[in-house]
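Student: I need the structure of the sequence given here:
(2 chains)
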Amino acid sequence: MSMACKAPKKAPWASVGSLFPVKAAVVAAAAATLALGSTVASATEPLEPKDVHWSFEGPFGTFDQAALQRGYKVYAEICSACHSMNLLSYRNLAQKDGPFYNPKYPNPNESPYAKAIAADIKVPDIDPDTGDPTTRPAIPADHFKNPWANEAAARASNGGALPPDLSVITKAREGGPAYVYSLITGYIDPPAGLTVPDGKYYNPYFAGNLAASWSGPINKVPPGGFIGMPFQLYPDRVTFDDGTKATTEQEAHDVVTFLTWASDPKQIERKQTGFAVMIYLFLFAIIVYLSYRRIWRNIDH
Amino acid sequence: MSGHSNYVPKTAIERWLDVRLPIVRLAYDSAIDYPTPKNLNYWWTFGGILAFCLVTQILTGVVLAMHYVPNADLAFNSVEHIMRDVNYGWLIRYIHANGASMFFLAVYIHMGRGLYYGSYKAPREVLWLLGCVIYLLMMATAFMGYVLPWGQMSYYGAVVITSLFGAIPYIGNAITTWLWGGFAVGNDTLNRFFSLHYLLPFMIAGVVGLHIWALHVPGNNNPTGVSVKSKADTVPFHPYYTVKDGFAIIVFMILFAYFVFYAPNALAHAENYVPANPLQTPAHIVPEWYFLPFYAMLRAVPNKLLGVITMFGAIALLFVTPWLDTSKIRSMRYRPMTRWFFFAFIVVTLALGWCGSKEPADVVIRLGTAPDGSATGISVTTFSQFLAVYYYAYFLVVLPLLGFTEKPLTPPETISTPVLSHGSIAMPAGAAAQAEKKG
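Tutor: Numbering: from 1, shown residues only, chains lettered A, B, ... in the order given. Have a look, this model is predicted:
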């Protein structure tokens, strides 16, 4: 899901001179036509995200643990080839509300699930005897392995685009889980008249402005933008251990559930705490209101 | 803090302390016995709500500072570390982040109440000025706090706001460089913003002390705007207003808790969960909601320096409001014309906020269609200009002129008069005193 092409690159000093770094041109255009009002094309807004239903929605939502586990599998087998999740450790997978939480192992570092998942992955380390770079099996305390040695390597392998880190992706995109779901399921063939650059793919949910690549009627510019990531979630690309059929929608639903958990792993605890807090505050408010009425009962005001 | 003290030390230690440091007397006079007009409505509870907000921000902020790392390479991840690994870190951080919004919500209502009921007029000008100073300090604190997570919006917010000072002729660039601590927003900027973000709240607390002092000398204004004439007009602060403010604070906490627990990121921007990247400008740079009206005024003026002056002037007007309003009547209850201009002022300010959240070239009122199918008409920029003119006119034309031309209604003789003529059962004069004993 490369979003590096989202906005034009600019040196920081280039934006400093102008009050409105990005919008300088737009502001100038607006200023030029101020007296009469102005017109600016905003014809290529991306599509609104699809309406998806999630187990974690609403004040009482919780994560469907089976979906989290399937989602982790999608991440591990597909996404993790290009996308890092630097803020997560393998132990997180086994913490409360996590994909592999088991009440028998309240300390996620001691969870056999976290240990087994970590042990399958080789992470870089330094040999303490020689000082040479080496690898070793991961332990639950290790961060998720980064697929790239550095940003340059990531860009070199992706046509110059940087696959974003997915640790907080559903918090970091307008539209959240529904947007990510729509993006990864939303690939369609580019409409005739749209010239797709080499190494880019058309996606109607991705932000961009396609007017420059569009040869059709000027008032029919297609919605969306060009993204550096091709469609990934082919049916049956993963085999789910619980026998769930791996359709595109299922894979997307599960991986977005996993990514939503990863972005805010304490959200279930947050909402459950919130419910208790709300009950407390409502009762407190009633009691204090009655006290108020009683204290003021003889004051005409 | 002023006037006659009714404090009588009852215990030996209180008597001992009272002749050395009369701190218990101070607390008694200002929080227990302080005579308060008995007709204050719920708009007056926002002072107490703001005190609650300040304490909440300082307490959560001190804990956050124990875990936060003010370094350009580590700041973003340290905030996420707080959310993920610190015990109840998610709670503390979401309280602090949403607390800023709640603080501004309360302060805007507090200021609006002051404007409507004429709380800035004699003898409360200093009280009002100190409030304006607090508001300025709050804006500086909130801005610098928003920079600390070092996300994209933090970074570019810092770039846009600090480069405003570059509009000052001749010395602008030198000031900007001085603010940055370098030639671009970077680690040095983050470090000093963290330092100042920790310092300013204590300065706010200090000015709040002065604000309360300046309140307790003339005493509260009230919805009638009529000065307190006798003891029958007032009740002691405790328990009457401790319980009323207490109730309002709890109701406010319910709203606060809704955001913290159920919509913790609703008032923020998704873009700020993307780590700051000086090489990639976000598509939309938008400040937090509480700065949007001023942002709209900044953008409404095509010239950068004039835009900056327009924006800061909008705040500066508040400082001179006591001397712009020529009316002798405090409360707009008795100013039949001015009150409508006031309501329009509120609507205009909200509309400016809406404009600040939109793209300058977006069309507000559609008048036609461009060849590419998009709308043409009155742009957000043009709309903002009309609104900004009204904002300025409210202070510079409406308040000075209507004081002379408007024929106000007659305010009641005393605070107690409208209460007694309200139709409820009239009370004997001693009733308030009796209630005190029972309370």
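Student: Of all residues in the stretch 51-200 of chain A, which one is closest to chain B?
Tutor: Among all residues of the stretch 51-200 of chain A, residue A:172 sits closest to chain B, at 3.6 Å; criterion: Cβ to the nearest Cβ. (C-beta placed from N, C-alpha, C; glycine too.)
Student: my read is that residue is in a strand, agree?
Tutor: No. With DSSP: H, G, I helix; E, B strand; the rest coil as the criterion, residue A:172 is coil rather than part of a strand.
Student: Tell me the pLDDT of it.
Tutor: The model reports residue A:172 with a pLDDT of 96.
Student: Next up, phi/psi of it, please.
Tutor: In terms of degrees, to the nearest 10, the main-chain angles of residue A:172 are phi -90, psi 0.
Student: okay but it is in contact with residue B:270, surely?
Tutor: Yes. Here residue A:172 reaches residue B:270: they are 5.6 Å apart, a contact under Cβ atoms under 8 Å.
Student: and residue B:128, what helix or strand is that in?
Tutor: Residue B:128 is part of helix B:125-147 when elements are defined by DSSP states H and E.
Student: hmm, that helix in reach of chain A?
Tutor: No. If you take Cβ under 8 Å from any Cβ of the partner chain as the test, helix B:125-147 misses chain A, and the best it gets is 14.7 Å.
Student: picking up where we left off before, which of residue A:172 and residue B:270 has more neighbours?
Tutor: residue A:172 (23 against 20; other Cβ atoms under 10 Å in any protein chain shown).
Student: what sits against the more buried one?
Tutor: By Cβ atoms under 8 Å, 6 or more residues apart in numbering or on different chains, the contact list for residue A:172 reads A:164, A:263, B:270, B:271, B:273, B:274.
Student: Count the residues that sit near the closest residue to residue B:134 other than its chain neighbours.
Tutor: Excluding the flanking residues, the one nearest residue B:134 by Cβ to Cβ, 6 or more residues apart in numbering or on different chains is residue B:207, at 5.1 Å. Per other Cβ under 10 Å, the neighbour tally for residue B:207 reads 19.
Student: Please name the residues that touch residue B:207.
Tutor: So residue B:207 contacts B:130, B:133, B:134, B:137 (Cβ under 8 Å, 6+ apart).
Student: Highest neighbour count among these?
Tutor: Neighbour-wise, the contacts of residue B:207 (other Cβ under 10 Å) top out at residue B:134, 22 neighbours.
Student: related to what we said a few turns ago, of the contacts of residue B:207, which pair is most distant in space?
Tutor: Farthest apart among these by Cβ to Cβ are B:130 and B:137. That separation is 10.5 Å.
Student: Surely residue B:376 is within a strand?
Tutor: Yes. The assignment for residue B:376 is a strand, going by three-state DSSP.
Student: Quickly list what it is bridged to.
Tutor: When bridges are called by DSSP bridges, residue B:376 pairs up with residue B:368.
Student: I'd like to know how far it sits from residue B:253.
Tutor: Distance of residue B:376 to residue B:253, computed by Cβ to Cβ, to the nearest Å: 47 Å.
Student: in what helix or strand does the closest residue to residue B:352 other than its chain neighbours lie?
Tutor: Leaving aside its chain neighbours, residue B:352 sits nearest to residue B:293 (3.9 Å; criterion: Cβ to Cβ, 6+ apart). When elements are assigned from DSSP H and E, residue B:293 belongs to helix B:292-300.
Student: The residue in the stretch 201-301 of chain A that chain B sits nearest to - nearest residue in space that isn't next to it in sequence?
Tutor: Of all residues in the stretch 201-301 of chain A, residue A:274 sits closest to chain B, at 2.5 Å by Cβ to the nearest Cβ. Distances taken as Cβ to Cβ, 6+ apart put residue B:261 closest to residue A:274, at 2.5 Å, once the chain neighbours are dropped.
Student: isn't there a helix covering the one you found?
Tutor: Yes. The assignment for residue B:261 (three-state DSSP) places it in a helix.
Student: tell me, how many neighbours does residue 89 end up with?
Tutor: Reading this off chain A. For residue A:89, using other Cβ under 10 Å, the count is 22.
Student: Chain B is the one I meant
Tutor: The number of residues near residue B:89, taken as other Cβ under 10 Å, comes to 19.
Student: list the contacts for it?
Tutor: Counting by Cβ under 8 Å, 6+ apart, residue B:89 has contacts B:67, B:81, B:82, B:83.
Student: same check, this time on residue A:122
Tutor: Contacts for residue A:122 (Cβ under 8 Å, 6+ apart) come out as A:135, A:136, A:137, A:138, A:145.
Student: ditto for residue B:113
Tutor: Contacts of residue B:113 by Cβ under 8 Å, 6+ apart are B:43, B:44, B:46, B:119.
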